[in-house]
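**Q** output the structure for:
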Amino acid sequence: MQNPLSRLWLIDAGYLFNATRSVGADYQIDYMKLRGYLEQDGPVWRAYYLNSTQATTSAGLDRFHAWLQSAPPSGPKIITKLYSLKETSVDQVYCEACQQKVNVSCPHGNGGHRLVSQQQKGVDVGLATLALTHVSRYDTLLLSSGDRDLLDAVEYLSEHGKRIELVVFRTGVSTELQSRADRIYWIDEFADEVRRT
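**A** As a prediction, this is how the structure comes out:
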């Protein structure tokens, strides 16, 4: 039998990291404090943190991911799923003003440096998959993402009786997602309460 207070929290780490800049260059979220803030309105059944990372990570990043997964009182107990960044070689980019492709090069490499573009891949699909995989186990989806690519999954869940709550900053959030949310926790409004110190 489903618990009516059951809440699933899905976090797009790339979105939250980039959106924190709207508060300040040095602002960082304390995920334990943020989970505590959200749980004032009821327990979170399960939380997932999805991110794309370099193939080789730093010891500090590994410690952070381990801390995320630690249970209270040591950590916020957030399941961490990591995906590889997709790298694409870049030697040309499109110039909108000229309406043509132009060559790019590293100013330090005299043509000998390989330039790459790194893109987050897998996170949006992972978020949608988790939301649908656990659909019978939660009543409310807490979503920390501003990506319009999740709109179809959000609409499906909403139309099938799930409550949708966004946990986001005021910047970088699709208006299509905003219009389908039953509630929005604007982190900007309580940023100091969940600041990492």
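**Q** how many neighbours does T20 have?
**A** Applying other C-beta atoms under 10 Å, we find 20 residues neighbouring T20. C-beta coordinates here come from the backbone N, C-alpha and C atoms, glycine included.
**Q** can you tell me how far it is from I78?
**A** Using C-beta to C-beta, to the nearest Å, T20 is found at 17 Å from I78.
**Q** and for L143?
**A** Between L143 and I78 the distance is 14 Å, computed by C-beta to C-beta.
**Q** any low-confidence regions in the protein?
**A** For the chain, the stretches flagged by pLDDT under 70 are 1-5, 54-56, 84-90, 109-111, 115-122.
**Q** which stretches of it form helices?
**A** Using DSSP state H, the helices found in the chain span residues 13-19, 31-38, 59-69, 123-133, 151-159, 175-180.
**Q** relative to R7, how far out is the spatially closest residue to D12 that is not a sequence neighbour?
**A** Nearest in space to D12, with sequence neighbours left out and distances taken as C-beta to C-beta, 6 or more residues apart in numbering, is S145 at 3.7 Å. Distance check for S145 against R7: by C-beta to C-beta, it reads 16 Å.
**Q** again with L150
**A** 17 Å.
**Q** quick one, phi psi at the residue nearest to D12?
**A** phi -160, psi 150 (degrees, to the nearest 10).
**Q** can you get me a residue count around it?
**A** S145: 27 neighbours (other C-beta under 10 Å).
**Q** begin at 579 from here
**A** Will do, 579 is the new start, and the previous item becomes S723.
**Q** surely it and F747 touch.
**A** No - counting by C-beta atoms under 8 Å, S723 stays clear of F747, with 11.1 Å between them.
**Q** would you agree L720 is in contact with L616?
**A** Yes - L720 lies in contact with L616 (C-beta under 8 Å); the separation is 6.4 Å.
**Q** overlap of the contact sets of the two?
**A** Residues touching both L720 and L616 (C-beta atoms under 8 Å, 6 or more residues apart in numbering): R585, W587, V622, V745, Y763.
**Q** hey, what's the last one bridged with?
**A** Y763 has these beta-bridge partners by DSSP bridges: V745.
**Q** counting neighbours, what do you get for it?
**A** Y763 is flanked by 18 other residues according to other C-beta under 10 Å.
**Q** again, but for the third one
**A** By other C-beta under 10 Å, the residues close to V622 number 21.
**Q** phi first, then psi, for it.
**A** Here is the backbone geometry of V622 (degrees, to the nearest 10): phi -90, psi 120.
**Q** correct me, but it touches L612?
**A** No - assessed by C-beta under 8 Å, V622 is found out of contact with L612, at 10.3 Å.
**Q** who touches both of the two?
**A** In contact with both V622 and L612: no residue, using C-beta under 8 Å, 6+ apart.
**Q** contacts only, for the residue nearest to D590.
**A** Listed by C-beta under 8 Å, 6+ apart, the contact set of S723 reads L588, I589, D590, Y593, D702, L705, V746, L755.
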